[in-house]
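Student: Sequence first, predicted model second:
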Amino acid sequence: MDPSSSRPRFIERLSALLLREPEDREQLLETLHRAFERSLVDADALSMMEGALAVSETTVRDIMVPRSQMDVVDINDSTENIASFVIEATHSRFPAIGANKDDVVGILLAKDLLRYFAGREFDLRQTLRPAVFIPESKRLNVLLREFRVNHNHMAIVVDEYGGVAGLVTIEDVLEQIVGDIEDEYDFDETADNIVLDNAGRYRVKAITEIADFNQAFGTTFSDADCDTVGGLIIQHLGRLPKRSETVLLDGIKFQALRVDSRRVYTLLVDAQRDLILDAPGDPSA
């Protein structure tokens, strides 16, 4: 007799666990955690279910990229300058503004610049997609449904006075459920911790050890209180950095490139000194 046949199937075990219907969210979470303890669900599944429950209580205000950290393009700027900025910022979508950040006239998709790079006729204003405006108080579950129905990927967040407060993307919402989502600009997990990009800056994994960073950049950051570059930035700020937030330490400019609500993943490093990655281990050799 197959030993596995004597064990209740997964759905039967889960049904038995849920036999007593939870009366509120707290009881439901307790039930899910008991399911995890009994190996009915794994850690990733539990995390996603908790995230799915949380989005109905989370507002856009809690996860948006604030106005001060928005990367935007000026509709009155030259196409050449806009293209250069888009390449450097490495986003796929950009709010296009007129007089200021309160004057969002549309959304520029980076891929639409291919016509310009191909030497074809290009009119930026005609290329812009309509901007979607939402209030800060909108719940994430409602926003996600609107993103899906309307096939939008970005929304401009406005405050109670009608001014632009920030922006939010569908990726920002999904990351609240499934965790951080890597995109085409993220590191390959097998790649080196320090990689030179086309703009002459360095993409550095936050898990890079401080000793390795010091050796690469010729810096003397202490690793007495933290081991990694991400920890160094968090220690300096006293909190997790916000996406696109910059920190200047010992002549090195760090910009938080990939961050979620729990950890730092990637930093963009602009060094004011020569990188010595290929230098021999013994400087006197």
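Tutor: Received, thanks.
Student: would you say residue 85 is within a helix?
Tutor: Yes - counting by DSSP: H, G, I helix; E, B strand; the rest coil, residue 85 is part of a helix.
Student: How about it, nearest residue that isn't a chain neighbour?
Tutor: residue 73 (6.3 Å; Cβ to Cβ, 6 or more residues apart in numbering). Where C-beta positions appear, they are placed from N, C-alpha and C, glycine not excepted.
Student: mind checking pLDDT for that neighbour?
Tutor: pLDDT recorded at residue 73 is 92.
Student: and the residue lying closest to residue 106 once chain neighbours are set aside, how many residues sit next to it?
Tutor: Distance criterion Cβ to Cβ, 6+ apart; nearest residue to residue 106, sequence neighbours excluded, is residue 128 at 2.9 Å. Per other Cβ atoms under 10 Å, the neighbour tally for residue 128 reads 20.
Student: Tell me which stretches of the stretch 51-200 of the chain form strands.
Tutor: 65-66, 73-74, 93-97, 104-109, 133-135, 154-158, 164-169, 194-196 (DSSP state E, counting those that start in this stretch).
Student: In its sheet, which strands sit next to the third one, and in what direction?
Tutor: For strand 93-97, the paired strands and their directions (DSSP bridges) are strand 73-74 (parallel), strand 104-109 (antiparallel).
Student: related to what we said a few turns ago, quickly note the distance from the residue nearest to residue 106 to residue 212.
Tutor: According to Cβ to Cβ, to the nearest Å, residue 128 stands 43 Å off from residue 212.
Student: Show the contacting residues for residue 136.
Tutor: 59, 60, 61, 64, 157, 158, 159, 160, 165 (Cβ atoms under 8 Å, 6 or more residues apart in numbering).
Student: at 10 Å instead, please
Tutor: 59, 60, 61, 62, 64, 157, 158, 159, 160, 165, 166, 168 (Cβ atoms under 10 Å, 6 or more residues apart in numbering).
Student: Among the strands of the stretch 51-200 of the chain, which comes closest to residue 39?
Tutor: Nearest to residue 39, of all those, is strand 164-169, at 35.1 Å by Cβ to Cβ.
Student: Quick one: list the elements packing against the closest one.
Tutor: If you count contacts as 3 or more Cβ pairs under 10 Å, 6 or more residues apart in numbering; DSSP states H and E, strand 164-169 packs onto helix 60-63, strand 65-66, strand 93-97, strand 104-109, strand 133-135, helix 140-150, strand 154-158.
Student: Quick one: mean pLDDT for it?
Tutor: 92.
Student: In its sheet, which strands sit next to it, and in what direction?
Tutor: Under the criterion DSSP bridges, strand 164-169 sits next to strand 65-66 (antiparallel), strand 154-158 (antiparallel) in its sheet.
Student: who touches the shortest one?
Tutor: Just to be clear, that refers to strand 65-66. 71, 154, 157, 164-169, 172, 242-245.
Student: Any idea how far that strand is from the middle of the chain?
Tutor: Distance of strand 65-66 from the chain centroid (Cα atoms, centre = their mean, to the nearest Å) equals 11 Å.
Student: Run through the helices of the stretch 101-250 of the chain in chain order.
Tutor: 114-117, 124-127, 140-150, 170-178, 210-217, 229-237 (DSSP state H, counting those that start in this stretch).
Student: Residue 94: which of those is closest?
Tutor: helix 124-127 (11.0 Å).
Student: contacting residues around the closest one?
Tutor: 73, 75-79, 82-83, 96, 105-109, 112-113, 115-116.
Student: Pull out the buried members of these.
Tutor: Among those, the ones that count as buried by 16 or more other Cβ atoms under 10 Å are 73, 75, 82, 83, 96, 106, 107, 108, 109, 112, 113, 116.
Student: Just send those back as TSV, with distance to residue 122 too.
Tutor: Shown next, in TSV, are those (distance: Cβ to Cβ, whole Å):
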residue	distance to residue 122
73	14
75	13
82	10
83	10
96	14
106	15
107	16
108	12
109	13
112	8
113	8
116	4
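Student: ok, back up a step: wait, which of the contacts of residue 136 is closest to residue 49?
Tutor: Checking these one by one against residue 49 (Cβ to Cβ), the nearest turns out to be residue 62, at 19.2 Å.
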